[in-house]
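S.K.: Build me a structure from this.
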Amino acid sequence: MKIAIVGTGYVGLVTGACFADTGIKVVCVDTNEAKIKGLQEGVIPIFETGLDELVLRNTKAGRLEFTTSLESVLDDVEVIFSAVGTPPDEDGSADLKYVLEVARTIGRNMKKYALVVTKSTVPVGTALKVKAAIQEELDKRGLSIDFDVASNPEFLKEGNAIADFMSPDRVVVGVESERAQKLMTKLYKPFLLNNFRVIFMDIPSAEMTKYAANSMLATRISFMNDIANLCELVGANVEMVRNGIGSDTRIGRKFLYPGIGYGGSCFPKDVKALVKTAEQNGYRMRVLEAVEAVNEDQKSVLFKKLENYFGGNLKGKTIALWGLSFKPETDDMREAPALVLIDLLLKAGCNVRAYDPVAMEETERKIGQVIYYAKDMYEAVLDADALMLVTEWKEFRVPSWPVVKKAMVGDVVFDGRNIYEKEEMKEAGFTHFGIGK
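M.R.: Numbering: from 1, shown residues only. Sure, this is the predicted structure:
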């Protein structure tokens, strides 16, 4: 079996490499010539634990190849996955220009049956647009060729994507024909031999499932951040509250951790897109509008604590940041709270010294050299008036506080992820501020 994956971004490259690792022949397609050339030479364009080894192994084995020409591979493949970007448009809706261009390219060049599967996160109704675009091109050519469309949204967590793909909680597949269902079953069977968890449904439901899942998780995060902020005002401890409500099996413990807001490539974009989809259909997603508003406010909560601590006098202060990426185990800086925090600090006249295990290069690409990028966590705190824990990387969990104390000028720590205990910090000679405590 041979398939094509169009788009070598985060989703496309992980999907292609994982499919190839089961013995399926995969060709990954991208119009970015430099990226494809790099992949052919073993240069992996994104950071994801274990991905470089997976790509290199399957490339060497001849199961994974890369090209810039979708047209050249259409005759050889049975299934074409579209995993191109769907960036937010100015109004918050998902921009489908890349998805539809893939569809038109297929329609202009296909010569035999193909199953076209949308892997990108797309609004409900996109499959109909993909189908129409392919058919329009076939009509222009005066050809009648059977094809199917399907929806197969991804549920990969950055930093754990390969494990998620290889042993998924579920695989959601939206189809409209028995032929398409059989092909998708054959494709996913190697991953699910021990516990077959493919959930087949109609295409609109599959498209909606992805948005609903991400929006639910985002809602839990914003809810807990709202609760945390109120806990501070009434003298409660959000960690105790979280433990109390998480013990209820109807609620559970996942995604109940307060912090400084969610970021990344999925939650912010998908919440906005679902709100916009509702608007386009004459409905308001009032809960999600609040989720988004709470999240935007939460990204500045550490700055407000810092400003309050120093009485608004921040000019000339040196602030150390531990962590930059929106979450650990990734270099993804899209919608990262650190970017909002850095902007606020710089506007207040602060000097910023930052360290992140993998995301400093990506941060510099986004904002340039407006901050100092330290070689390690201890250089970051040198002469700092305050330390802010932004991303909960494992190496930040048990630092040498005596070394930190000696390096810093100040003695205050703003813990944006609640990974430190107040009493332990006090014993180490620090003033500690968490979230919701």
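S.K.: give the contact list for S265.
M.R.: Contact analysis of S265 by CB atoms under 8 Å, 6 or more residues apart in numbering lists 10, 158, 332, 334-335. In this view, the C-beta of every residue, glycine as well, is placed from N, C-alpha and C.
S.K.: In terms of distance to A61, which of the residues you listed ranks first?
M.R.: The closest of those to A61 turns out to be Y10 (CB to CB; 22.7 Å).
S.K.: What sits closest to the closest one if chain neighbours are left out?
M.R.: Excluding the flanking residues, the one nearest Y10 by CB to CB, 6 or more residues apart in numbering is I46, at 5.6 Å.
S.K.: Going along the chain, name the strands of the stretch 101-250 of the chain.
M.R.: With DSSP state E, counting those that start in this stretch as the criterion, the stretch 101-250 of the chain has strands at 114-118, 147-151, 171-174, 198-201.
S.K.: helices or strands next to the helix or strand bottoming out on mean pLDDT in the chain in the packing?
M.R.: Ranked by mean pLDDT, DSSP states H and E, the weakest helix or strand in the chain is helix 161-166, scoring a mean of 90. Judged by 3 or more CB pairs under 8 Å, 6 or more residues apart in numbering; DSSP states H and E, the packing partners of helix 161-166 are helix 10-20, helix 51-60.
S.K.: Test my guess that T49 contacts N160.
M.R.: Yes. Shown here, T49 and N160 form a contact pair, counting by CB atoms under 8 Å, at 7.4 Å.
S.K.: Name the residues contacting each of the two.
M.R.: Shared contacts of T49 and N160 (CB under 8 Å, 6+ apart): E329.
S.K.: mind listing what's buried in stretch 289-302?
M.R.: 291-292, 294-295, 298-302 (16 or more other CB atoms under 10 Å).
S.K.: cool, and stretch 171-187?
M.R.: So for stretch 171-187, counting by 16+ other CB under 10 Å, buried means 171-175, 180-181, 183-185, 187.
S.K.: Check stretch 409-422 too.
M.R.: So, applying 16+ other CB under 10 Å, buried residues of stretch 409-422: 410-420, 422.
S.K.: likewise stretch 155-170?
M.R.: Buried residues in stretch 155-170, counted by 16+ other CB under 10 Å: 155-156, 158-159, 161-162, 164-165, 168.
S.K.: Could you point out the member of the residues you listed that lies closest to P402?
M.R.: Distance to P402, by CB to CB, is smallest for G159 among the buried residues of stretch 155-170, at 30.6 Å.
S.K.: Just give the nearest non-adjacent residue to the closest one, would you?
M.R.: Ranked by CB to CB, 6+ apart and with sequence neighbours excluded, the top spatial neighbour of G159 is E329, at 2.7 Å.
S.K.: How about S247?
M.R.: R253 (7.8 Å).
S.K.: tell me the pLDDT at the one you found?
M.R.: If you check R253, the pLDDT there is 93.
S.K.: G246 is in contact with that one, correct?
M.R.: Yes. Using CB under 8 Å, R253 is in contact with G246, at 3.6 Å.
S.K.: Between those two, point out the one with more neighbours.
M.R.: A count of neighbours by other CB atoms under 10 Å puts G246 above the other of R253 and G246, at 16 against 12.
S.K.: That one and R417, how far apart?
M.R.: G246 sits 17 Å away from R417 when distances are taken as CB to CB, to the nearest Å.
S.K.: And for L306?
M.R.: Going from L306 to R417 by CB to CB gives 16 Å.
S.K.: Then R108?
M.R.: For R108 relative to R417 (CB to CB), the value is 49 Å.
S.K.: ok, how many other residues are close to R334?
M.R.: Applying other CB under 10 Å, we find 19 residues neighbouring R334.
S.K.: Pull the residues that contact stretch 308-320.
M.R.: The set of residues external to stretch 308-320 that reach it, using CB under 8 Å, 6+ apart, is 306-307, 345, 348-355, 380-388, 408-409, 412, 431, 433.
S.K.: returning to what we had before: now for the helices and strands packed on helix 161-166, which one comes closest to E101?
M.R.: Among the helices and strands packed on helix 161-166, helix 10-20 sits nearest to E101 (CB to CB), with 14.8 Å.
S.K.: Just want the angle from that closest one to helix 51-60.
M.R.: Orientation note: helix 10-20 sits at an angle of 50 degrees relative to helix 51-60 (axes from the mean of the first three to the mean of the last three CA atoms, to 10 degrees).
S.K.: quick check, distance from helix 10-20 to the centre of its chain.
M.R.: Offset of helix 10-20 from its chain centre (CA atoms, centre = their mean, to the nearest Å): 15 Å.
S.K.: I'd like the next helix or strand past it.
M.R.: strand 25-29 (DSSP states H and E).
S.K.: List the strands paired with that following strand, with their directions.
M.R.: If you go by DSSP bridges, strand 25-29 pairs up with strand 2-6 (parallel), strand 64-67 (parallel).
S.K.: now stretch 116-126: how far from the chain's centre is it?
M.R.: The mean C-alpha position of stretch 116-126 is separated from the chain mean by 17 Å, CA atoms, centre = their mean.
S.K.: what's the answer for stretch 91-108, then?
M.R.: In this view, stretch 91-108 has its centroid 21 Å away from the chain centroid, taken as CA atoms, centre = their mean.
S.K.: just stretch 181-192 next, same as before
M.R.: 25 Å.
S.K.: what's the average pLDDT for it?
M.R.: 88.
S.K.: My guess is A103 contacts L128. True?
M.R.: No. Using CB under 8 Å, A103 makes no contact with L128, being 11.0 Å away.
S.K.: quick one, which of these two is more surrounded?
M.R.: A103 (28 against 13).
S.K.: quick one: low-confidence ranges for the protein?
M.R.: Along the chain, segments meeting pLDDT under 70 span 90, 194-196.
S.K.: repeat that for 80
M.R.: 87-94, 191-196 (pLDDT under 80).
S.K.: Domain boundaries for it, per the record?
M.R.: Domain ranges of the chain: 2-200, 211-297, 299-433, per automatic domain parsing.
S.K.: next one: the first one to chain centre, how far?
M.R.: Computed by CA atoms, centre = their mean, the chain-centroid distance of domain 2-200 equals 18 Å.
S.K.: Kindly check the end-to-end length of it for me.
M.R.: One end of domain 2-200 sits 22 Å from the other (CA to CA, to the nearest Å).
S.K.: Tell me who's in contact with the nearest residue to M110 once chain neighbours are set aside.
M.R.: Distances taken as CB to CB, 6+ apart place L74 nearest to M110, at 5.4 Å, with adjacent residues excluded. For L74, the contacting residues are 4, 80, 106, 109-111, 114, by CB under 8 Å, 6+ apart.
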